[in-house]
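Enquirer: Would you be able to build a 3D model of this:
(one chain, ligands or ions: 2)
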Amino acid sequence: MRRLIAAALGAASWSAAEYGLHRFAMHEMRGRGLASKEHLRHHADVTYFSPTSKKLLSAAVTTAVVLPVATALTDRWTARSYTGGMITMYFTYEVIHRRAHTHPPRNAYGRWVRRSHLHHHFGAPMRNIGVTSPVWDRALGTYDDPGVVTVPRRMAPVWLLDADGEVRPEYAADYVARGAIRSTDAQREADRRDAFSNVAPPAEVLDAAAVAPRPAPDAVTR
Ligand SMILES: [Zn+2]
Ligand SMILES: [Zn+2]
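Expert: Ligands and ions are numbered 1, 2, ... in the order given. Modelled structure (predicted):
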């Protein structure tokens, strides 16, 4: 029972870490440090996700920090359960985040995750910092009700748009899509600058005349 409670507490601690790391170590660092660089690269190009090797490294670093501290504070198995709960929740977060970009919602929670996270990407990168839960945003005053989210077509998740680049009817109450579906080199550069300055990307493409091919749909599985 003690181990079970420790694992649940570890999982809950991840939620605070998810908020703190995403806000302070990723966005506020504006590209300084590996975690910030990787995350803001994902904001500049939403088909980019850190490779698994870097996620395993994050889990290893977290374990290396948390486990000795927990072991110093309690017995070995309680400390292991706590750390295990935290790491399990970390990988759950990675899956939920990835799927928000690559797969359509299947229930009310999935619908909220996508609306809130796409608002974070395209509406206000310093708001709705929590991906799996709004708890810390509400506590710390960074939560926006996502409302109807405006998505730049060039950055829209594959599940959101139909073959003509329009929002699928089942998502029309939650999203509008704007701008060109194809990007330009100048726009990609501007998107990168915006991402590293925590500015939401504009819906309209800068120079629609110079078109470049959109990443192939299978690029999202990277
Ligand atoms: Zn994302
Ligand atoms: Zn972010």
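Enquirer: And the next helix or strand past the helix or strand hosting residue 151?
Expert: Using DSSP states H and E, the element containing residue 151 is strand 149-152. Per DSSP H and E, the first helix or strand lying C-terminal to strand 149-152 is strand 175-178.
Enquirer: who does that following strand touch, helix- and strand-wise?
Expert: Judged by 3 or more CB pairs under 8 Å, 6 or more residues apart in numbering; DSSP states H and E, the packing partners of strand 175-178 are strand 149-152. C-beta here means a position set from N, CA and C on the backbone, and glycine is covered the same way.
Enquirer: Tell me the strands beside the strand it packs on, with direction?
Expert: strand 175-178 (parallel) (DSSP bridges).
Enquirer: Tell me the buried residues in the very next helix or strand once past the strand it pairs with?
Expert: Next along the chain after strand 175-178, taking DSSP H and E as the criterion, comes helix 185-196. Neighbour-count burial for helix 185-196 flags 187, 190-192, 194-196 (criterion: 16 or more other CB atoms under 10 Å).
Enquirer: could you redo the residues you listed as a markdown table and give each row pLDDT and distance to residue 150?
Expert: Formatted as a markdown table, the buried residues of helix 185-196 follow (pLDDT from 0 to 100; distance: CB to CB, whole Å):
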| residue | pLDDT | distance to residue 150 |
| --- | --- | --- |
| 187 | 93 | 16 |
| 190 | 95 | 17 |
| 191 | 96 | 15 |
| 192 | 96 | 20 |
| 194 | 96 | 15 |
| 195 | 97 | 17 |
| 196 | 97 | 21 |
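Enquirer: Let's have those residues in CSV, adding distance to residue 146.
Expert: Listed next are these as CSV, based on distance: CB to CB, whole Å:
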residue, distance to residue 146
187, 24
190, 24
191, 21
192, 24
194, 19
195, 19
196, 23
